[in-house]
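> I would like to see how this sequence folds:
(2 chains)
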2 protein chains.
Amino acid sequence: MIGVMGTAPRLATDRVEALLSLEQHLITEQCAIERWFRCQWQKTPPPFYASVDLRNAGFKLAPIDTNLFPAGFNNLNPEYAPLYVSAVQHYLAQYHPGLERVLLLPENHTRNGFYLENVARLAELLEQAGLNVRVASLRGEAQELELPSGGRLRLEALERHGDHLQAGDFLPELILLNNDLSGGTPPLLEGLAQTILPPLAAGWRTRRKSQHFAHYRRLAQELGEVIDIDPWLIDPIFRRCQGIDFMRAEGRDCLVANVNAVLDAIRERYAHYGIQARPFVIVKADAGTYGMGVMTAYSGEEFLELNRKARTRMAKSKEGLPVSDVFIQEGVYTYERTAENAVAEPVVYLVGQQVLGGFYRVHRERGEDENLNAPGAHFEPMAFAETGVNPCRNSPPDAPINRYYAYGVIARLAVMAAAREARDWSTQSRA
Amino acid sequence: MIGVMGTAPRLATDRVEALLSLEQHLITEQCAIERWFRCQWQKTPPPFYASVDLRNAGFKLAPIDTNLFPAGFNNLNPEYAPLYVSAVQHYLAQYHPGLERVLLLPENHTRNGFYLENVARLAELLEQAGLNVRVASLRGEAQELELPSGGRLRLEALERHGDHLQAGDFLPELILLNNDLSGGTPPLLEGLAQTILPPLAAGWRTRRKSQHFAHYRRLAQELGEVIDIDPWLIDPIFRRCQGIDFMRAEGRDCLVANVNAVLDAIRERYAHYGIQARPFVIVKADAGTYGMGVMTAYSGEEFLELNRKARTRMAKSKEGLPVSDVFIQEGVYTYERTAENAVAEPVVYLVGQQVLGGFYRVHRERGEDENLNAPGAHFEPMAFAETGVNPCRNSPPDAPINRYYAYGVIARLAVMAAAREARDWSTQSRA
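So this is what the prediction gives:
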């Protein structure tokens, strides 16, 4: 059963007084924003799907991660299924009208019931959109898995014949990845004649957060000019360091210098706006996913004195890949809290250019300056009660219907940054 | 307040036994149907919006009228507003990305509260989609009208400057017509540089039902081949007579002959399928709208003995235009009835290629062989509880979620016929 936010998390308003009401401004400028997005999507088609982690500090609303293999479709409000299905149909109609048979390739987490529910829900949405869908594991063997909700998920046996993947006698026209390829691209997927979405280059082995946020920075400037706001209000400052080895303490000087540079830049903006908060940064792998190897820091010097446990944690990301390029991102406080006072972070889902809505990632045991993407006992998804698609100019800017609209604007900007990344990949692959 | 169907009208199943379950077949063939639609929309873009009146006889499900100026947005289920808004956004993104300022021109029915609610709801959906919207009357004067729901609708003063329409200092980029131009195209709208949707040729002064249903007939054949059904199961037989003058009894021979020809063709199909029902036809103006000049007939000879009242009623359509071309359409029984046993006829709404859902037109005092489009005391709209966008293969074919999907398929086929009409108009206007 999916929890739906009856009362949306409230924002601690003492933090935001005397500051520009960003949400109000986004509602006021809705026409200009929507027109700008329409024209941008014509130039740069969106990825098939995405989820965007946001942080809302009231004075600032910014994306902190854009996932091209979203894994929480089961956490969306089921009431708006027609919107999700229509988003798939519009994407297909515009970009792949002739496709009918789809093979969905999920992660190999066959023991993670939450993830299996996501796969089952995604397969169902694709079917409802009128696709012929099969699910298969990259491990290859057929199996039938039980879902916590009581249903079953069938994984087909996967075979490769020449330049085609097949599941039994099912010959798909499209391979849809819900596997972020953190372990690199398996040979099974190399050189296929079938269309693969997202493209293999979207896997975390090739993708870089710094490249994504460099595109995002330019987009925040472009949108900032259109609606006349300081782009910092929607854009987290970042720097990166290359060639870091946490275990051997190589590259520490770069870390200290760049962490301090980001903190100085935040301090300058906080002073400019009179924000009474302590600047912090989030340090994570430039290539990578999940909540491994993520730490909060308040000064560069913290990296001179990391203990062995912290170094080990930072040195590896998902699938045990060594971290060598490090991404240092402005920490954005999340001042949203549930009725039970747990810290909440919005996650927005999209298919193509269409915002579907999202959910709050709620964490009872973490603080407002910490990474909340740490699934486990204290992770509770709470579906948005509204989609954010239809703002209401006559309601207050912090009414859920309008707050979620603001989330949708920032999430779309992040997805457009991912779309520009994809343009780079195709340029690179042609070169 | 909008009534929503808690229990959808039931279908009298004794009529449909031993016949192909059309709804089941449409669900089974969903993948082929959706793929076919996607490819067709690429070739022929859909009109901006439309509503389609359907009749469901169980053995047969067919459109009987396709309205390019839909006037019941207030009757749609408000729960799915995000779907409606996203449909507007997708249409704009694909066909008119740069537009931002829209002038909505409604009918002049300023005393019809239901119609005003439709205009207000439509304007609201356009605003929520991120458009800057004004509403103005073709009569030109500014006024503020009270809505039965309690809100207000402001009509701006309309001015023409050279080849542009303006409402005060608001210079629209798009003129959206919700006025079917039954009285012909007003000079105010001729030769404008602004985009007009639907195009002026979509007005009932130029549009012909026979042209629409000729396109529909070809499309029913095309789709019938794709999913292997007799196209008659979704297509009403028709003929037309030109140069009819009901008052002077001119053209009666054509009426008698063509009514009988349509009845014979229905009789042949009824015999083929073993359908125990009395064939009938609906006779109406080939150009026209609304429930004026519509009659049910069981034999051609009825037109030899029309009394003065019936002739007067048939001789004029909306806005008093004389009827000269007559459209004779196979009557499709509506075997759907509400819990109170009133006859119900589904009306499906679309924006672009996107089905939004619809409502039942319920009429307590009319029979299953009569035209139900007669607004008045006994007209009750009942919103569909589901949109018809997301069918469920594991539910019975007559579950509302699947029945509405079937409605959406047939309604889209009718809208595609309208799209092909529009292609004819643009060919004609270039010639």
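> so where's chain A uncertain?
A:1-8, A:10-20, A:288-292, A:316-323, A:372-379, A:428-431 (pLDDT under 70).
> okay, now the domains of it?
A:77-206, A:237-331 (automatic domain parsing).
> of all these, which one is nearest chain B?
Closest to chain B of these, according to CB to the nearest CB: domain A:77-206, at 2.7 Å. No exception for glycine: its C-beta is placed from N, CA and C like everyone else's.
> quick one on the thing from earlier: can you list the domains of chain A in CSV and add distance to chain B and mean neighbour count?
Shown next, in CSV, are the domains of chain A (distance: least, CB to the nearest CB, whole Å; neighbours: other CB atoms under 10 Å in any protein chain shown):
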stretch, distance to chain B, mean neighbour count
domain A:77-206, 3, 18
domain A:237-331, 28, 18
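> looking at those, which is nearest to residue A:415?
Minimum separation from residue A:415 across the domains of chain A (CB to CB) falls at domain A:77-206, 11.5 Å.
> contacting residues for residue A:222?
residue A:36 (CB atoms under 8 Å, 6 or more residues apart in numbering or on different chains).
> what sits against the closest residue to residue A:107 other than its chain neighbours?
Leaving aside its sequence neighbours, residue A:107 sits nearest to residue A:179 (CB to CB, 6 or more residues apart in numbering or on different chains; 4.9 Å). Contacts for residue A:179 (CB under 8 Å, 6+ apart) come out as A:69, A:105, A:106, A:107, A:108, A:138.
> what ranges does the stretch 101-250 of chain A have for its strands?
A:101-106, A:132-135, A:143-146, A:152-155, A:158-161, A:164-167, A:174-178, A:195-197, A:238-241 (DSSP state E, counting those that start in this stretch).
> show me how far the first one is from its chain's centre.
It refers to strand A:101-106. Put simply, strand A:101-106 sits 21 Å off its chain's centre (CA atoms, centre = their mean, to the nearest Å).
> OK, contacts around residue A:136?
A:103, A:104, A:105, A:155, A:156, A:157, A:158, A:167.
> switch the cut-off to 10 Å
Going by CB atoms under 10 Å, 6 or more residues apart in numbering or on different chains, residue A:136 touches A:103-106, A:142, A:154-159, A:165-168, A:170, A:172, A:175.
> circling back: and which of the contacts of residue A:179 is nearest residue A:303?
residue A:69 (30.2 Å).
> may I see the domains of chain A arranged in CSV, with distance to residue B:213 as well?
Shown next, in CSV, are the domains of chain A (distance: least, CB to CB, whole Å):
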stretch, distance to residue B:213
domain A:77-206, 25
domain A:237-331, 55
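> residue A:426: which of the ones you listed is closest?
domain A:77-206 (7.6 Å).
> ends of that closest one, what's the gap?
32 Å (CA to CA, to the nearest Å).
> now that domain: how far from the chain's centre is it?
18 Å.
> next: stretch A:224-243.
17 Å.
> stretch A:245-265 too?
With CA atoms, centre = their mean, you get 25 Å for stretch A:245-265.
> likewise stretch A:299-309?
28 Å.
> and of the domains of chain A, who's closest to residue B:30?
Where the domains of chain A are weighed against each other on CB to CB, the nearest is domain A:77-206, at 5.0 Å.
> isn't residue A:206 right up against residue A:185?
Yes - Residue A:206 is within contact range of residue A:185, at 8.4 Å (criterion: CB atoms under 10 Å).
> please enumerate the shared neighbours of these two.
Shared contacts of residue A:206 and residue A:185, counting by CB under 10 Å, 6+ apart, come down to residue A:200.
> wait, what's in contact with residue A:83?
A:76-77, A:351, A:354-357, A:387, A:389, B:80-87, B:387, B:389-390.
> so which of these belong to helices?
Judged by DSSP state H, the subset of the contacts of residue A:83 located in helices is B:81, B:82, B:83, B:84, B:85, B:86, B:87.
> let me know which of the domains of chain A is the nearest to residue B:238.
domain A:77-206 (29.8 Å).
> which residues in the stretch 151-300 of chain A form helices?
Using DSSP state H, counting those that start in this stretch, the helices of the stretch 151-300 of chain A run over residues A:209-227, A:252-273.
> any chance of those in a markdown table, plus distance to residue A:345?
A markdown table is the format used below for the helices of the stretch 151-300 of chain A (distance: least, CB to CB, whole Å):
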| stretch | distance to residue A:345 |
| --- | --- |
| helix A:209-227 | 17 |
| helix A:252-273 | 19 |
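> closest one to residue B:193 among these?
helix A:209-227 (25.5 Å).
> how far does the closest one sit from the chain's center?
Counting by CA atoms, centre = their mean, helix A:209-227 comes out at 16 Å from the chain centroid.
> could you dump that helix to CSV, C-alpha only?
C-alpha atoms of helix A:209-227 as CSV (Å, rounded to 0.1, in the frame of the first residue of the first chain):
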residue,chain,number,x,y,z
LYS,A,209,27.6,14.3,-12.2
SER,A,210,30.0,17.1,-13.1
GLN,A,211,29.0,17.0,-16.7
HIS,A,212,25.3,16.9,-15.7
PHE,A,213,25.5,19.8,-13.4
ALA,A,214,27.7,21.9,-15.8
HIS,A,215,24.7,21.6,-18.3
TYR,A,216,22.3,22.3,-15.4
ARG,A,217,24.3,25.5,-14.5
ARG,A,218,24.0,26.8,-18.0
LEU,A,219,20.3,26.0,-18.1
ALA,A,220,19.7,27.7,-14.7
GLN,A,221,21.4,30.8,-16.2
GLU,A,222,19.2,30.7,-19.3
LEU,A,223,16.0,30.2,-17.3
GLY,A,224,17.2,32.7,-14.8
GLU,A,225,17.4,35.3,-17.5
VAL,A,226,13.9,34.5,-18.9
ILE,A,227,12.2,34.9,-15.5
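> dump the residue contacts of residue A:325.
Residue A:325 sits in contact with A:208-210, A:240-244, A:251, A:285-288, where contact means CB under 10 Å, 6+ apart.
> what about the nearest residue to residue A:71 once chain neighbours are set aside, distance to residue B:369?
What sits nearest to residue A:71 in space, not counting adjacent residues and going by CB to CB, 6+ apart, is residue A:118, at 5.0 Å. As judged by CB to CB, to the nearest Å, residue A:118 and residue B:369 stand 50 Å apart.
> go on, residue A:191?
63 Å.
> one more: residue A:257?
Distance from residue A:257 to residue B:369, by CB to CB: 84 Å.
> and the closest residue to residue A:92 other than its chain neighbours, helix, strand or coil?
Excluding its sequence neighbours, the residue lying closest to residue A:92 (CB to CB, 6+ apart) is residue B:38, at 5.9 Å. Three-state call for residue B:38 (DSSP: H, G, I helix; E, B strand; the rest coil): helix.
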